[in-house]
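Asker: Got a predicted structure plus its sequence, pasted below:
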Amino acid sequence: MGRTLTVARKELLHILRDRRALVVMFLIPVVQLFLLGYAATTDIRHLRTAVLDADRTAQSRDLIAAYRASNYFDIVATVGNEEELGDLMDRGAVRAGLLVPAGFGADVAAGRQASIAVVIDGSDPNVANTVFAASQQVGLAHSLRLLERRIGTSAAAVTPLEVRPRVWYNPQMRSANFMIPGLVAMILFLLTSMFTALSIVRERERGTIEQLMVTPIRPIEMVVGKITPYVGVAFFDILEVLAIAVFWFRVPIHGSLLLLLALLALSMVTSLGIGIFVSSVANTQQEAMLLVWLTLLPSIFLSGFFFPIEAMPKALQAVSTIVPLRYMLVIIRGIILKGVGLEVLTEQVAALAVFGVGIMAVAAARFRKRLG
């Protein structure tokens, strides 16, 4: 234990003396959280929209006002023909177009079925799907108001079916409540694996690892001593990110914070094992960094961080079962958003335990072989 603590003290002094490392460890997680917390959002609001009103009646102006009043469409341009609308969409000046045909007002006044067209830029399918649903939603709400005026009573009185959806766990459907817990897992995975790999490879690059090995210290003591400071840094970053998530982004933590930290510590065994394994393969810090990113990028896309696993092809769903980050996300989002306990997360905890033991055993064997 004394030798291990000596190595840990040496590594801690190195961290404190390296200002660039301090910036990366404590500032980069905050920058990542703010950038991705605001940028990585699926909430589509205030979409730039052009209007082609060929009717120019009170009824068409009422319809355009309904779309303008919604949070989805910002009317930024009025065009005179479809060529102008096409030019605006080609240049990316607008992402949607509202076309009201001539005769729309007469059809509404006569009680006939009136139709309009909404043109959507489908180059981004995620945006297009949201706008497609929003355009129908706004149109349906406006239709119900017209029906109420015509029959002189509430549309609900003549509607045979009323659907009352209720959203659990995230009633406001804020994308930040979904994305930020995932960022906690990603930052933890990245920091612990990368800095563990870099700290050991750095010793090899400078030729000091041989000096350490001629001392009475054993390989396991050296590894534990070198990763201990980074475990402390990782927990500090976790608390830092969680504090920003709660007090700045207003993401509530419904479950036990102690359980969350305990399971994050368990998941850290896997990322530390990956870092040790990378350090036994890479010869330079650049190689180590590239290898860590090589493991991180597939994990992000196959873990459910951005895209639901259920929507992936069956083959990729099978591959995702060997991605540790997948189970970390379920645990973090389950505790933070749903407030679940350990009894609900037994499958994910067991998977992380298996991954942690397996990866750490392989990494330790590879590291001992490399030193030998």
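Answerer: Yep, it's here.
Asker: Now do the helices in the stretch 101-250 of the chain.
Answerer: 104-110, 125-151, 175-206, 208-213, 219-247 (DSSP state H, counting those that start in this stretch).
Asker: just the angle between whichever helix or strand comes after the last one and helix 175-206, please?
Answerer: Towards the C-terminus, the helix or strand next in line after helix 219-247, according to DSSP states H and E, is helix 257-281. Computed with axes from the mean of the first three to the mean of the last three C-alpha atoms, to 10 degrees, the direction of helix 257-281 lies at 40 degrees from that of helix 175-206.
Asker: avg pLDDT for helix 257-281?
Answerer: If you average the pLDDT over helix 257-281, you get 89.
Asker: got the buried residues for that helix?
Answerer: For helix 257-281, burial by neighbour count (16 or more other C-beta atoms under 10 Å) applies to 260, 263-264, 266-280. No exception for glycine: its C-beta is placed from N, CA and C like everyone else's.
Asker: Could you list every helix and strand in contact with that helix?
Answerer: helix 175-206, helix 219-247, helix 285-302, helix 324-333, helix 346-371 (3 or more C-beta pairs under 8 Å, 6 or more residues apart in numbering; DSSP states H and E).
Asker: what residues are up against Val282?
Answerer: For the record, residue 282 is Ala, not Val. Ala197, Val201, Ala288, Leu291 (C-beta atoms under 8 Å, 6 or more residues apart in numbering).
Asker: hang on, the earlier thing: which one of the helices of the stretch 101-250 of the chain lies nearest to Ile322?
Answerer: helix 175-206 (14.7 Å; C-beta to C-beta).
Asker: re earlier: I'd like to know which of the helices of the stretch 101-250 of the chain lies nearest to Val340.
Answerer: So among the helices of the stretch 101-250 of the chain, helix 175-206 is nearest, using C-beta to C-beta, at 12.7 Å.
Asker: just checking, what packs against the closest one?
Answerer: helix 28-39, helix 208-213, helix 219-247, helix 257-281, helix 285-302, helix 324-333.
Asker: and those helices, which is most packed in?
Answerer: helix 324-333 (a mean of 24; mean count of other C-beta atoms under 10 Å).
Asker: for it, packing partners?
Answerer: Partner elements for helix 324-333 (3+ C-beta pairs under 8 Å, 6+ apart): helix 175-206, helix 257-281, helix 285-302, helix 346-371.
Asker: Just put the ones you listed in a markdown table and tack on distance to Ile64.
Answerer: As requested, the helices and strands packed on helix 324-333 are exported to a markdown table (distance: least, C-beta to C-beta, whole Å):
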| stretch | distance to Ile64 |
| --- | --- |
| helix 175-206 | 28 |
| helix 257-281 | 48 |
| helix 285-302 | 40 |
| helix 346-371 | 50 |
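Asker: Cool, thanks, signing off.
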